[in-house]
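**Student:** Dropping the sequence and predicted coords here.
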Amino acid sequence: MKYLLQRIAFYLFTAWAAITLNFFIPRMVPGDPVQALITKYQGQLSSQAIDSLYVLFGLDKDKSVWEEYVDYWSQLLHGDLGLSFTFFPTPVSEIISTSLPWTLLLVGITTIISFFLGTGLGVLAGWRRGSWADGLLPVTTFLSSVPYFWLGIIAIYLLTGPDSFFPSSGGFDNGLVPAWDQYFIPNALKHSLLPALTILISSVSGWILSMRNMMVTVASEDYITVAHAKGLSDRRVAMSYAARNALLPNVSGFALSLGFIVGGTLLVEIVFSYPGIGFQLFQALGAQDYPLMQGVFLIITISVLVANLIADVAYLLLDPRTRKEG
Amino acid sequence: ACGDSPNANKDASNSKGADFLSIGMPNGTVSENNNPFVGTSAGASLGYRWTIYEPLGMWNNVKPADPAKPWLASDIKWAADYKALDVTIRDNATWSDGQKLTAEDVAYTFNLIKSNEALNIFAIPFDQITVDGSKVKITFKTSQFTTWHKIISQIPIVPKHLWEKISDPATDPIKTPVGSGPYTLKTFSQQGIVLERRESGYWQDKPAIKELRYTSYTDNNAQTTALATGQSEWSFVFIPSYQQTFVAKDPEHFKVWAPGVLGIHGLYINTTQKPFDDPALRRAMNKVVNRADIFNQAEASYFHPELKSVTGLPEGAGDAFITEAYKGQTLAVDVDGAKKILTDAGYKLEGTTLKDKAGKPVTIKLSDPAPWSDYQTTLEIIKSNLAEIGIAATVEKPNQNVWDQNVQKGDFGAVMRWTNGGSTPFDIYQTVMDGDLLKPIGTAAQQGNFGRFKSPEATAALKAYANATSDADRTTALAAIQKVFVEQAPMLPVGSDNVGGAYSTKNWVGWPSDSDPYAPMQPTQSGALDVIMHLKPASS
Amino acid sequence: MTIPTSSIEQVIPGQGSMAQPESGKPAKAKRQRFRFVTNKKAATGLIMLSIYVLFAIIGPWIAPYEPDARSNDLIQSPSGAHWLGTTHLGQDVFSQLLVGTRSVMFVGFVAGIVATVLSVIIGVTAGYLGGKTDEGLSALSNVFLVIPALPLIIIITSTLESAEDWLIALVIGLTSWSWNARVLRAQTLSLRRRDFVDAARATGEKTWRVIVFELMPNLTAVIASGFVGTVIFAVLSEITLAFIGVTSSTTWNWGTILFWAQGQQALAQEAWWWFIPAGLAIALLGTALSLINFGIDEFVSPRLRSVGKTKIKTVDGRTVRMRIGFTPVLSNSPAPHTQASPTPVVRKEVTQ
Amino acid sequence: MSKPVLEIRNLNVEYGLGDQAVRAVRDVNLTLHRGEVLGLAGESGSGKSTLAYGMTRLLPPPGVITGGQVLYHPEQGEAYDVLGLSDRDLRAFRWAETAIVFQGAMNSLNPVHKISTQLTDVLRAHRPEMSEAACNDRAREMLKLVGIAADRMDAYPHQLSGGMRQRVMIGMALILQPQVVIMDEPTTALDVVMQRQILSQLIELRERLGFSVVFITHDLSLLVEFSNRIAIMYGGRIVEEAPAAAIYRDSLHPYSKGLLGSFPALRGPRRELTGIPGSPPDLKGMPSGCSFHPRCPKAFDPCSGNIPVLGRPDTPDGPTRSVACWLHPTEQPVG
Amino acid sequence: MTSIPDAKAPAGEVVLEAIGLTKHFPVRRKLRDLFSNRKDVVHAVDDVNLTLHRGKVVALVGESGSGKSTIARLLAQLYPRTGGDIRLHDESTRVRGGAAFRRYCSRVQMIFQDPFASLNPTHTIRYHLTRALKIHGNAGRTAADLDVALTELLERVQLTPPERYLDKFPHELSGGQRQRVAIARALGARPEALLADEPVSMLDVSIRLGVLNLLRDLRDRLNLAILYITHDIASARYFADQTMVMYAGRMVEGGDSETVTQSPAHPYTKLLIHSAPDPDRLTGISEAEGEDAGNGEPPSLIHPPTGCRFHPRCPVAMERCRTDLPVPLEIGDAPGHWAACWLYDREEVSQ
Ligand SMILES: Nc1ncnc2c1ncn2[C@@H]1O[C@H](COP(=O)(O)OP(=O)(O)OP(=O)(O)O)[C@@H](O)[C@H]1O
Ligand SMILES: Nc1ncnc2c1ncn2[C@@H]1O[C@H](COP(=O)(O)OP(=O)(O)OP(=O)(O)O)[C@@H](O)[C@H]1O
Ligand SMILES: [Mg+2]
Ligand SMILES: [Mg+2]
Ligand code: NI
């Protein structure tokens, strides 16, 4: 309990520091959103529009950074993330809420699958050393070093086309409306296959390796020998004794990787035109849309922290040693 | 079980002869905003606002000098000094909620813009707006000769009875748009926006296409892929090697049409930096730029049509505006000519290095943001072109924000950039040479004249052109402008903008073409509505 | 970014319960330190890496063409004249690849060094000094851990006037030290409990000397593995930045090649030679670095070493596998291995 | 002397293969009799643990058994070779017939499972017919046997003190009533008070349940007090084996003498302590002949040339003991 | 200059003295403590008096966790003390680093329990010893001086020939050799007092004796004051002049070694001596059964028992033991033999 409380205090501090950083960093970027918008439209938007845009975005009023910072916090505490510039006047929260689920579903589920698959294979490779599973390692090492945007682009080139099963981009077919029905779900799944595969291929090996190494380390602990000496079945020793303990250090790694979901897979979303939050962030960066940038960063920060909190709790549940009652 | 699902009738969509048209733009994600006045709205970015809200008239960018085609206005009349406009509103137009469209609505729209700075994106100096039956009279504080097409064709008319109730028209996302156009919004999602044909009440014959499906692709690559696979049937996007990557995929149906318009791309030279303040040097540079190479290698042989005229005006759209003096004079690579100009002006070409009058080697920094690959390629070509007369150029790729700021503050050697465009060459020349826009180095010049070009004649002539009351005056002023442009070469014109598009005739035919350039072919232009009205099913 | 795979890092969770170092067996000493080169994986990795380093050094000299030089061979497939074909401007892809190696290696290593130095300073100091210093420094590294690195790098890079290679390297280095710092802190915490640290203090060593001369040499493997991990991350980041076009660098790197290739839709144009080699170069460099990291891991924790021979033949010809819990029995004949010697002839009289 | 339960015949264990192999146990012959406590002593690295794990095939890689037999005599029926059992039979054999208690109980208990789970685990594997409740009852019973309140059933290992954990391990070892309990330095991590408590308890249990114990430690004085017979190992071999009292009073091998002379005595007159000069042998470069000869104060010619065989010495109590030393010519090789 | 132990000071002079030495380690606070404002501490060492004389060995015995190492570290000034005083040559010292700390540790040196852990695996023996010499200015001026000093040090700990060991790494030496190096390093400072924290417990039985003999030899030759910490009471008898017994952070008995081990006074000492393995007591003859078997758990040091800390386990505990903290009481059987036990209170005895 004390442990959890400490963690929470730590999270609050980290959140504050990260949010503050998030506030200031975008403001260091030269230029302003109006210019960025004009530039984005390269001649499609005539330069007479500049004045009206400043008025529209509310950038015509002079405010000190400090005042903005205070305003930002008071807005934030009211749950208001401000209005996006790129999608003016859509509230940032609305943009995030439409794109976040996509990222969570695609990358989140993929990360989870990757973790479980990798951990499973790692358990095998670590437990049955010298068997075929060990031969997997060099291949996965190579695959994990492949930049996944590159892999994704090749996959699009090779696997998509007019008659291909795999769509080349997007989260679902145009014309469909997100809904939980038999038209939309399979379609969305189909669209997520390629990007998911790309992420899976390049991320699974990390888990295999770390799990394998932990298995190997744990396998030489005394209690494993005792378990064997007790005459337990191989399966029971491998799962309940070895894998159970080897998993512990990986839990915090998993939490961190959950946190990296949003930031780390930005490129997959770009390459596959996936309507997720990473892509929103990328757009916001280009357009100097700081409300949106801050919003996305906030989400990322919070998700990292929540993931860590979950990991802490999971750790607490998985490792009785951290549960110090007395 | 899911009969009430909005997707219920969608699963067979691709199999039977299509009754919809898929339109795509490489604009990244969009958010649900159909406000026709807001440039950041999905409606504006994808162009579907024009199928819901209509303008008074249709102006054809491809033939900018032609008068506007009446649309909501049955008659459009400008005063000779372009300070007053009389329009007659057609009486058979209705809003999609069934109400009648009247002159009151038109006057309301213009008043809305006039009183709302944030909505007045063209900065039009409205004066008086009066209604007289089906007629509306609008007066302006200055001549609108160079901006008339914006007023007529780029201001969507909105229903007064609904907009009156909106508290802040500039920020309202107008989730359920009601307009006078032939389509209404059916569904909106991140991946696509579907518009449905109005089955009754439209003032013309209803269009053949039942449904318009707009998709915003994340980037050019995604959009191109979608075009090549047939997922997208119409788009405006830069396709490298379009013959191979797009047309070749289905040569029978996949087409590209890219007519030039009165808006150009060129190399802005910072005329305050020595020795580039010397017109002779700039002229010499102008003579070595290989526009054909740029057109073919950087612009994929279509995207920015090659500029031929020395006046920097594109073929077709610009023809009507080339003054007598320069008719037939074309830009051509002439290295020897360039060298001659240089030696005459006192430069020395020593080996592969050009030395200026002070004996210093001439070097220049070319810069553009990295993601604009066509500009980047252009700069690479210009770099090697300039090397031929001994100018050592380096290409820099500052990020877009830095680049923007540098361009505005005059902190650059030379950049590839666009000009404003319009119905006359005024916008082009103004962006390049207008002394009124001139700002000292270090102060942001937001509207134009980034090269800090100082020419009182040009400034005066531009003013004269904009405010002239007769064609003769305009011709004289234009001649003066072009003379400065050609002789001083403040900017080296390279290619023109285009209002074309890539399209597929598999399902729909009737697209504009060189032989019948009835409208611009860009899905985001108001003229796109005209195109949609022209399309007919390919099968019948 | 991917989670570094180094097991050393994985052994250390947030709390110390499993953070014990290999107890009993003292860490290998200096002379043995270079022995890790004899590790097959490490050796392979080092050889691959040295080829890259070589190209980074001599690449620009041996490149057959100027990477920028345009020619009239537009989008040519690989040939004798252009080993890896040409771009849409007729530039030689092979030369671009060669010349680009330098920038990639430079950024990777500089960023690696910057991040490593920072992580050592912050991690080791925090771990050694403990208390308030530790709390402050830990909080700092946690904040950096929470902020997603790649987007942060993108933002910071886009504030830069001109993003030269060394600036990019600096940015990457300054933003990616936190994970290593955390690992180092945990390691230091467990090292600090070892007696030799106290022994050094009791001898009268100054604090900085204890940190630099007593602790750090024992952390070399961890530091090295962190360094290698950061290099991988930095290389991928630089390439990503170049690929999405945020960097303004005028120098070539593999990301720039990919950027151009993607901008011109090389694959759609069937110009695979423009797109594939650069990616492979990245993947192989990453593989080389990962292999080195495995080598370090196995060096630090010998248990991880893949067992040389896992199958052995018994006396009666069966093959058995070595595994935990069931020791292979090669022969169960009760005959002694050493033959009993005959009783010695001379018997010494012993007086007890 | 009572019947044997476990006979080790010429057991050879190596770490690694080929030239690099370390021969950690060499031609060891040892007999454990029913109901006795057999002490195994020797300095660190002499191969005590290797022998203990080797005879149950629990050595981790790269350990391999290169030869020998371990004959197990069940209470009824024929003796069989443990090393020849199939995996399945071996699993069934383990814990039911031989149980092991290790040095550190913290390390032998899985930190993430409750001790009840770890106790009943064994029952579930070996007595699948037992009901859940019966398993729990049995576990509780065992805890009571070793003096731990049944309410600690649901504790995790870290919640128990070192002594309690070791008791849990002992309880776990006895849960299937095995014939043989192997204890590898079971008390070195505990302090003397606790050590005595646990050992006394164990001896008492042995008297009640009648199992045999192999007790490994390097603390000779402890062994002398608690075991019936003692075997001394040096360099992978057994150099002397005799009843505890005999070893204490009159050890024959110079190494055993040296070991005994290294302990200061707490009671009685202050003895002169001699110690053993030199340092323990390196198993990779074992001296020729008797591996102790470089350190042996009484070494003479044959010692460096020939390996002495473990055999009955020609002393009055010869039949009860054996020694491998050229000083004590053997009558017949043991085994 | 550092003081070189020589005949200047008479043997038996007090070198280092601890008076009422106390060390409490703060415990990480629990949630409820945040509200109750209570601060828990580990009472690792409480009110300990200890005197080290020149040329004498004092043994400190006690079970694991009784605070022996803490005392050593306090005396070496590696921990700040909570209370009490440490007097070096009758001068109160409290150093926290810097030059004062160096000056202190050049006179008081410590040897650690585990020679495998107390030498840095990445440095050679030469490095270890050179540092010890240099820090305390005993390295001489030239490289030759240094070599001489190194040789002398190694010879002193009987690692001969010195050249063979100088350039080795710790892992290349056996445990006994390592512990000798550790001792040499301590000697490099030319200290007056040596704090040996279980110097042989990690060593193999056969080599323990060598190290202990070395220490005894150093005591005699260099006239060192040695604190010998061990949990093996038999070795205290063998090696130390005086023996002190600790229980749960407090001294419970002290006196000359022979007396303490042969006629222990405090019930805890008795228990300890009774529990020590005794080869003469053969299997099964555990006559002491029942005398103390059950209550084997050492007490919590966070909330130590009131009164005498041993009372919960004490077979002869009286009412008074539960409440009153026993003071050191003279036993009377041998000079200087005392025990902190109410059993030896004169009034109690007379009753
Ligand atoms: N995995 C291994 N690889 C190589 N040699 C090993 C391995 N494990 C043990 N040895 C060697 O085998 C010999 C016997 O080791 P063992 O653990 O049996 O000794 P021990 O008598 O139990 O010692 P201790 O008293 O320290 O427990 C030692 O010399 C040791 O170095
Ligand atoms: N740094 C510390 N923080 C908190 N408690 C400590 C610390 N160091 C020691 N203790 C506690 O102080 C008590 C005394 O420890 P100390 O190490 O002095 O015992 P010891 O007698 O040396 O034991 P051992 O024989 O096991 O070495 C123990 O309960 C220990 O848990
Ligand atoms: Mg052992
Ligand atoms: Mg201690
Ligand atoms: Ni363009």
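**Tutor:** Structure's in. What do you need? Ligands and ions are numbered 1, 2, ... in the order given.
**Student:** When you work out contacts or count neighbours from here on, use the C-alpha atoms and nothing else.
**Tutor:** Noted.
**Student:** Helices along chain D, start to end?
**Tutor:** D:48-54, D:87-93, D:105-108, D:115-126, D:132-145, D:162-174, D:192-209, D:220-226, D:244-249, D:254-260, D:301-305 (DSSP state H).
**Student:** meant to ask about the stretch 201-350 of chain E, not that
**Tutor:** Along the stretch 201-350 of chain E, counting by DSSP state H, counting those that start in this stretch, helices occupy E:205-222, E:233-239, E:257-262, E:267-275, E:319-323, E:346-350.
**Student:** Below-threshold pLDDT in chain C: ranges please.
**Tutor:** Residue ranges of chain C with pLDDT under 70: C:1-38, C:161-162, C:248-250, C:302-310, C:338-352.
**Student:** In space, not sequence, find me the middle residue of it.
**Tutor:** Geometric centre of chain C, nearest residue: residue C:228, 2.6 Å, by CA atoms, centre = their mean.
**Student:** Equivalent analysis for chain E, please.
**Tutor:** residue E:229 (3.2 Å).
**Student:** Could you pull up the residues touching the closest residue to chain A within the stretch 51-200 of chain E?
**Tutor:** Per CA to the nearest CA, residue E:65 is where the stretch 51-200 of chain E lies closest to chain A, at 18.4 Å. By CA atoms under 8 Å, 6 or more residues apart in numbering or on different chains, the contact set of residue E:65 is residue E:248.
**Student:** how about it, secondary structure?
**Tutor:** Under DSSP: H, G, I helix; E, B strand; the rest coil, the three-state class of residue E:65 is coil.
**Student:** show me where pLDDT drops low in the chain?
**Tutor:** Going with chain A. Ranges of chain A meeting pLDDT under 70: A:1-4, A:41-47, A:61, A:130-131, A:133-134, A:162, A:173-178, A:259-265, A:322-326.
**Student:** right idea, wrong chain: chain D
**Tutor:** In chain D, residues with pLDDT under 70: D:1, D:105, D:330-335.
**Student:** What ranges does it have for its strands?
**Tutor:** For chain D, the strands defined by DSSP state E occupy D:4-15, D:22-33, D:37-41, D:63-72, D:80-81, D:98-101, D:180-184, D:212-216, D:229-234, D:237-243, D:322-323.
**Student:** now what about stretch C:273-288, what contacts it?
**Tutor:** Residues contacting stretch C:273-288 (CA under 8 Å, 6+ apart): A:141-147, A:150, C:44-46, C:48-49, C:52, C:77-78, C:84-87, C:93, C:97, C:232, C:235-236, C:254-255, C:257-258, C:261-262, C:266-267.
**Student:** Try it again at 7 Å.
**Tutor:** Contacts to stretch C:273-288, defined as CA atoms under 7 Å, 6 or more residues apart in numbering or on different chains, come from residues A:141-142, A:145-147, A:150, C:45-46, C:48-49, C:77-78, C:84-85, C:87, C:93, C:97, C:232, C:254, C:257-258, C:261, C:266-267.
**Student:** my guess is residue D:14 meets residue D:22, correct?
**Tutor:** Yes: between residue D:14 and residue D:22 there is a contact under CA atoms under 7 Å: 5.3 Å.
**Student:** Spell out which residues of the stretch 1-150 of chain D are next to ligand 2.
**Tutor:** Within the stretch 1-150 of chain D, no position is near ligand 2 by CA under 6 Å from any ligand atom.
**Student:** so how far is residue C:136 from residue C:297?
**Tutor:** 30 Å (CA to CA, to the nearest Å).
**Student:** The two: who's more crowded?
**Tutor:** Neighbour totals were compared for residue C:297 and residue C:136, and residue C:297 leads with 26 against 14 (other CA atoms under 10 Å in any protein chain shown).
**Student:** Provide a list of residues in contact with the closest residue to ligand 1 within the stretch 151-300 of chain D.
**Tutor:** Using CA to the nearest ligand atom, residue D:283 is the residue of the stretch 151-300 of chain D that sits closest to ligand 1, at 5.6 Å. Applying CA under 7 Å, 6+ apart, one finds that residue D:283 lies in contact with D:22, D:23, D:24, D:235.
**Student:** which residues of chain B score low on pLDDT?
**Tutor:** For chain B, the ranges with pLDDT under 70 are B:1-17, B:540.
**Student:** residues of the longest helix seen in it that come out buried?
**Tutor:** Scanning chain B for the helix with the most residues, using DSSP H, yields helix B:471-488. Buried positions in helix B:471-488, judged by neighbour count with 16 or more other CA atoms under 10 Å in any protein chain shown: B:474-475, B:477-486, B:488.
**Student:** Out of those, the closest to chain E would be?
**Tutor:** Nearest to chain E among the buried residues of helix B:471-488, with distances taken as CA to the nearest CA, is residue B:488, at 74.3 Å.
**Student:** State the distance from the residue lying closest to the closest one once chain neighbours are set aside to residue B:286.
**Tutor:** For residue B:488, ignoring the flanking residues on the chain, the nearest one in space by CA to CA, 6 or more residues apart in numbering or on different chains is residue B:279 at 4.8 Å. Distance from residue B:279 to residue B:286, counting by CA to CA: 10 Å.
**Student:** If anything else comes up later, I'll come back, but that's it for now.
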